[in-house]
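[1] pasting the structure only:
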């Protein structure tokens, strides 16, 4: 499907920056005597005659722009249309019927999600016109207005709409476009967000079936690929798809040498439902007395610059209080109570050699461990011995 955007202001965004409702739906046509006009509009007069006259050259455009999405951003409105020309020398006075079904949004609203709906509804109206001259007959305009009212209301309220006209039925649905997920790297750790383990494996594609048993919030991508015996690039592609659909969240590798910082920790205390969910999730033995919110809060509040997870565990002994520290870290990362402070080695000498070439300040400690296959202890010892390497924490 081809798409064109016509914008009258350099500062306006073609894709839009905010979610916005459909403000108006109208049908424009080229009348044999009256020329280009709006023949049906809901709500009435939302697009004034002055505005329409200023932009109608883009609403009923030349033939080469027909049958493609055309977006016009002008006069403080954004109009998404699908101009159509139906050729028939016997039916129409000028041998053709030219029309355009248009959705109107605020000028800075995102409109790309409406494009498939506009096209589908236009194709439906083409069919109705070819069967019974539904659009070109003046006595059908009230029925068309009722259709527009239903579509406008239902799409804004429920994102779906159903139209039944005689034997013809059409289902419309707005599908929100999400931004592309970040690229998945070997050292990233996928965590299932939804309770999908009870879903029968046959409901998943083959790659997901193979890797799902190894996604536990602990295993990183490279380990999942090795244990599931699946090519790493295929695992990355699969996990990226799961991230896109909100099924998986990516976390840093959990190591006891990690340093974490707290953020938004007050939400844990303020929300009773969240604190109860946390108590259940982090319990080392769920069948025993659940850990208290105060003890959990103490654990999170101890996380700060320069204090490793190992040091906190040695001081607070979480397992003595029925707390699984690994699950606590996962829950904190998932709900953004904490974030991991990553280490980035930087080579400050003149000519790097060997592993020093990876110490650019752009590759994290976790990624270096994954790429080299060496343990964190080995890399740390290597860095500590090298006087030409500085570590940045961020």
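    Now that the structure is in, tell me what you want to look at. These numbers come from a predicted model, not from an experiment.
[2] name the residues of stretch 57-73 that are buried.
    Within stretch 57-73, the residues that qualify as buried are 58, 59, 60, 61, 65, 66, 67, 69, 70, 71, 72, 73, counting by 16 or more other C-beta atoms under 10 Å. No exception for glycine: its C-beta is placed from N, CA and C like everyone else's.
[3] what's the closest of the residues you listed to residue 50?
    Nearest to residue 50 among the buried residues of stretch 57-73 is residue 59, at 14.0 Å by C-beta to C-beta.
[4] and the nearest residue in space to the closest one that is not next to it in sequence, what's its pLDDT?
    The spatially closest residue to residue 59, leaving aside those adjacent along the chain, is residue 28, at 4.8 Å (C-beta to C-beta, 6 or more residues apart in numbering). If you check residue 28, the pLDDT there is 92.
[5] kindly report the same for the one 10 residues further on.
    In the predicted model, residue 38 carries a pLDDT score of 91.
[6] that one pairs with what?
    residue 28 (DSSP bridges).
[7] in this structure it contacts residue 53, no?
    No: Residue 38 is not in contact with residue 53 according to C-beta atoms under 8 Å; the separation is 10.4 Å.
[8] who has more neighbours out of the two?
    residue 38 (20 against 11; other C-beta atoms under 10 Å).
[9] one step back: how about the buried residues of stretch 57-73 in a markdown table, adding secondary structure and pLDDT?
    Putting the buried residues of stretch 57-73 into a markdown table (DSSP: H, G, I helix; E, B strand; the rest coil; pLDDT from 0 to 100) gives the following:
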| residue | secondary structure | pLDDT |
| --- | --- | --- |
| 58 | helix | 88 |
| 59 | helix | 90 |
| 60 | coil | 89 |
| 61 | coil | 86 |
| 65 | helix | 83 |
| 66 | coil | 85 |
| 67 | coil | 87 |
| 69 | strand | 90 |
| 70 | strand | 90 |
| 71 | strand | 91 |
| 72 | strand | 91 |
| 73 | strand | 90 |
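[10] between the residues you listed, which sits nearest residue 130?
    When the buried residues of stretch 57-73 are compared against residue 130 (criterion: C-beta to C-beta), the nearest one is residue 67, at 14.2 Å.
[11] where does the closest residue to that closest one other than its chain neighbours fall, phi/psi-wise?
    Distances taken as C-beta to C-beta, 6+ apart place residue 84 nearest to residue 67, at 6.3 Å, with adjacent residues excluded. Reported as degrees, to the nearest 10, the phi and psi values for residue 84 are phi -140, psi 140.
[12] show me what residue 84 is bridged to.
    With DSSP bridges as the rule, residue 84 is bridged to residue 99.
[13] quick check: it vs residue 388, distance?
    Taking C-beta to C-beta, to the nearest Å as the criterion, residue 84 is separated from residue 388 by 68 Å.
[14] who's more crowded, the two?
    Per other C-beta under 10 Å, whichever of residue 84 and residue 388 has more neighbours is residue 84, with 21 against 13.
[15] in contact with that one, which residues?
    66, 67, 98, 99, 100, 122, 126 (C-beta atoms under 8 Å, 6 or more residues apart in numbering).
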